[in-house]
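K.L.:
Just to be clear, the model below is a prediction. Sequence and coordinates:
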Amino acid sequence: MMGSTRSGGTVAVVIAGALLVPGPAAAAIPALQLPSAHAVIGTSLIDSWWRPGPRPTFRQQRSLRFVPRAAVTERTNDALVPLLTAGDPDWYRVVVEREGIRGGEYALSFRGFVRRFGGSTRNLADGVAGYYLVSWLSVAQRAPSSEASAASAAQRAGGRRFLLGVRRVLARDPGLRRLSDGDQQQLFELLGAVAAHAWQVHEQQLEAGLTADAARTRAAIRAAVRQTTGVDVARLRLTARGLRGR
C-alpha cells in the first residue's frame with residue numbers, strides 16, 4: 001500500500017493493490033480513503049438518495065458550492081501524480097502527469113461528464129454523483145464509446161435524477177457543509193481525476209481490442225470504488241429512475 005495525505009488530513013489517498021494493467025495504458029486504479037465523517041458519501045447515500053426526506057434549505061444547498069482556486073488545484077495535482085502513476089513505467093508516468101493531470105485532460109473530461117448530467121463543476125455533491133456515474137459507466141461498458149454517447153437519453157435523465165437526489169442528501173449533512181471551499185474543491189478534483197483516469201484507461205483498452213485487459217480494469221475500478229465508498233457499482237443499474245440497486 002502507498003499513500004499520501006493532503007490538506008491537513010482531510011483526504012488520505014491510498015493505492016488499492018497497486019494493480020498494473022498491461023496494454024496501451026498501464027495504470028494503477030486508485031481508491032480514496034475518506035475520513036469517517038464522510039460516510040454519508042457511501043452506502044447510505046446510494047440507499048437513500050431516492051427516498052423522500054426533508055428538503056434542504058437554500059443556505060444548506062449553497063454550502064456545498066465552492067469557488068475554485070488555482071492554488072488548490074496545484075496541490076491536488078501534486079497528490080494525483082503519485083496516486084495515478086504508482087508502479088508505472090517512466091514513459092507512461094510522464095504522459096499521465098503532463099497531459100492527464102497538469103495538462104487538465106482528466107479535469108476537462110470529468111467536468112464534461114458532470115455537465116452532461118446537468119450538474120455544476122463547482123458543487124461537491126455533483127462531484128460525488130459524477131464519480132459514481134462515471135465509475136458505473138466504466139464498469140458497465142463493453143465496447144468503445146465516446147464520452148458524449150456513453151449514456152443513453154434515458155440514462156442521462158436518470159443520471160440527472162440521481163444527481164439532484166445526491167444534492168438533497170448531502171446538503172443535509174452538517175459535516176460536509178462545514179468543509180472549507182478548499183477542501184470541497186480538492187475532494188471534487190480528486191474524485192473526478194480518479195474516475196476520468198479509470199475511464200480513459202478502460203476506453204483505450206477497448207479501442208485496442210484488449211478485452212482481457214479491459215475486463216481486469218473493470219474489476220479494478222469496481223474494487224477501488226468499493227474500497228472508497230463501500231458501494232459495489234456492479235450491483236447498481238442506471239435507468240431513467242436513476243442509479244439504484246438491481
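P.N.:
In hand now; what should we look at? Residues are numbered from 1 along each chain as shown.
K.L.:
can you map out the helices along the chain?
P.N.:
43-48, 58-62, 70-85, 90-95, 105-116, 124-140, 153-171, 174-177, 181-207, 211-229 (DSSP state H).
K.L.:
What would the first one look like as CSV? C-alpha coordinates only.
P.N.:
The reference is to helix 43-48. What follows is helix 43-48, C-alpha atoms only, in CSV (Å, rounded to 0.1, in the frame of the first residue of the first chain):
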residue,chain,number,x,y,z
THR,A,43,-23.7,3.1,1.0
SER,A,44,-26.2,5.3,3.0
LEU,A,45,-26.2,7.7,0.1
ILE,A,46,-27.0,5.0,-2.5
ASP,A,47,-29.7,3.6,-0.3
SER,A,48,-31.4,6.8,0.4
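K.L.:
Flag every buried residue along it.
P.N.:
Within helix 43-48, the residues scored as buried using 16 or more other Cβ atoms under 10 Å are Leu45, Ile46. Every C-beta, even on glycine, is put in place using the N, C-alpha and C of the backbone.
K.L.:
got the contact list for it?
P.N.:
Applying Cβ atoms under 8 Å, 6 or more residues apart in numbering, the contact partners of helix 43-48 are Val128, Tyr132, Val166, Val169, Leu170, Thr229, Gly230, Val231, Leu236, Leu243, Arg244, Gly245.
K.L.:
How about the second one?
P.N.:
Contacts of helix 58-62 from elsewhere in the structure, counted by Cβ under 8 Å, 6+ apart, are Arg167, Ala171, Arg172, Arg177.
K.L.:
farthest-separated two in these?
P.N.:
Arg167 and Arg177 (12.2 Å; Cβ to Cβ).
K.L.:
middle-most residue in the chain, spatially?
P.N.:
Tyr131 (2.7 Å; Cα atoms, centre = their mean).
K.L.:
Touching, Val40 and Leu176? I think so.
P.N.:
Yes. Contact criterion Cβ atoms under 8 Å: Val40 and Leu176 qualify, at 6.7 Å.
K.L.:
what touches both of those two?
P.N.:
Leu170.
K.L.:
Spit out the contact partners of Tyr131.
P.N.:
Leu191, Gly192, Val194, Ala195, Val225 are the contacts of Tyr131 under Cβ under 8 Å, 6+ apart.
K.L.:
show me what contacts Leu80?
P.N.:
By Cβ under 8 Å, 6+ apart, the contact set of Leu80 is Ile101, Tyr106, Leu190, Ala193.
K.L.:
so which of those would you say is closest to Tyr92?
P.N.:
Nearest member of the contacts of Leu80 to Tyr92, counting by Cβ to Cβ, is Ile101, at 12.4 Å.
K.L.:
got the contacts of Leu80 as CSV, with neighbour count, distance to Trp136 and pLDDT columns?
P.N.:
Converted to CSV, the contacts of Leu80 look like this (neighbours: other Cβ atoms under 10 Å; distance: Cβ to Cβ, whole Å; pLDDT from 0 to 100):
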residue, neighbour count, distance to Trp136, pLDDT
Ile101, 23, 23, 95
Tyr106, 26, 18, 96
Leu190, 23, 18, 95
Ala193, 25, 17, 96
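K.L.:
And Val134, how far from Pro89?
P.N.:
Taking Cβ to Cβ, to the nearest Å as the measure, Val134 falls 26 Å from Pro89.
K.L.:
More neighbours: these two, which one.
P.N.:
Taking other Cβ atoms under 10 Å, Val134 and Pro89 do not tie; Val134 has more neighbours (28 against 11).
K.L.:
Low-confidence ranges, this protein, go.
P.N.:
1-28, 36-37, 148 (pLDDT under 70).
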